[in-house]
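Enquirer: My questions are about this predicted structure, shown below with the sequence.
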Amino acid sequence: MENPAAGDQAAEWYSVWALPPEDVGARLKRLMADLRSEFGGPEFEPHITVVGAIRLRPDDAVRRLRSACAALSPYPARVASAARGTFFYQCVYLLIDPSPEVMQTSAHCCDHFAYKNSAAYMPHLSLSYGDLTDEEKEKARQRVEELDKEICGLSFQVSSLALHKTDTEDKSLKSWEKVEVCYLGSDN
């Protein structure tokens, strides 16, 4: 064993996120801030969840991310529509076209992380987390389209995946943190 202390590491909750490019991220952050000022909710980085919350030791999580990313190349993503969900972490979001590249990236990473989800993968980019009523969610969804009329149909290249600590019990998100970023199509 290379690191004798590694066996003593406590397992934590991690997720893998696809990160939008800087210009798209800035645009999304403005939209997310506008929604937060109107509807509340915690602040978080724009991302498309690739692998949902899974409990791993820190060294194992980083190793799995690096291994998964080694075989991946940058890929396109396209916003299909603004939508609302049924729970806190999918309150208001942008539905991402389930293109072969988007779906294959998630499947590839889920295999590397031995992640099994009970529901089918729905690629999305959350804009707002919260416990809103259905009426409030619909109003927020409509606000997305008013605030950024060209958001639907927006296409961008995903060139990096990030490993984040994401304890889903922490709805303030204060414990969430970026652990590692891997750039696709590079030696990382």
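Expert: Received it, and whenever you're ready, just let me know what you need. As the structure is a computational prediction, the values presented were derived from the model and not from experiment.

Enquirer: CA atoms for contacts and neighbours, from now on please.
Expert: OK.

Enquirer: quick one: the strands in the chain?
Expert: 12-19, 48-56, 75-84, 92-96, 124-128, 155-158, 160-165, 177-183 (DSSP state E).

Enquirer: Format those as JSON lines; extra columns: mean pLDDT, distance to residue 35 and mean neighbour count.
Expert: Putting the strands of the chain into JSON lines (pLDDT from 0 to 100; distance: least, C-alpha to C-alpha, whole Å; neighbours: other C-alpha atoms under 10 Å) gives the following:
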{"stretch": "strand 12-19", "mean pLDDT": "88", "distance to residue 35": "20", "mean neighbour count": "22"}
{"stretch": "strand 48-56", "mean pLDDT": "86", "distance to residue 35": "18", "mean neighbour count": "21"}
{"stretch": "strand 75-84", "mean pLDDT": "91", "distance to residue 35": "13", "mean neighbour count": "19"}
{"stretch": "strand 92-96", "mean pLDDT": "89", "distance to residue 35": "9", "mean neighbour count": "24"}
{"stretch": "strand 124-128", "mean pLDDT": "88", "distance to residue 35": "7", "mean neighbour count": "27"}
{"stretch": "strand 155-158", "mean pLDDT": "96", "distance to residue 35": "21", "mean neighbour count": "16"}
{"stretch": "strand 160-165", "mean pLDDT": "88", "distance to residue 35": "23", "mean neighbour count": "23"}
{"stretch": "strand 177-183", "mean pLDDT": "83", "distance to residue 35": "22", "mean neighbour count": "17"}
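
Enquirer: for the ones you listed, which one sits closest to residue 138?
Expert: Of all these, it is strand 75-84 that lies closest to residue 138, at 6.7 Å by C-alpha to C-alpha.

Enquirer: returning to what we had before: residue 33 is nearest to which of the strands of the chain?
Expert: Nearest of the strands of the chain (C-alpha to C-alpha): strand 124-128, 8.9 Å.

Enquirer: what are the C-alpha coordinates of that closest one, in PDB please?
Expert: Listed next in PDB are the C-alpha coordinates belonging to strand 124-128 (Å, rounded to 0.1, in the frame of the first residue of the first chain):
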ATOM      1  CA  HIS A 124     -29.800  18.500 -16.600                       C
ATOM      2  CA  LEU A 125     -28.200  21.600 -15.400                       C
ATOM      3  CA  SER A 126     -29.800  22.900 -12.200                       C
ATOM      4  CA  LEU A 127     -30.500  26.600 -11.900                       C
ATOM      5  CA  SER A 128     -32.200  26.600  -8.500                       C
END
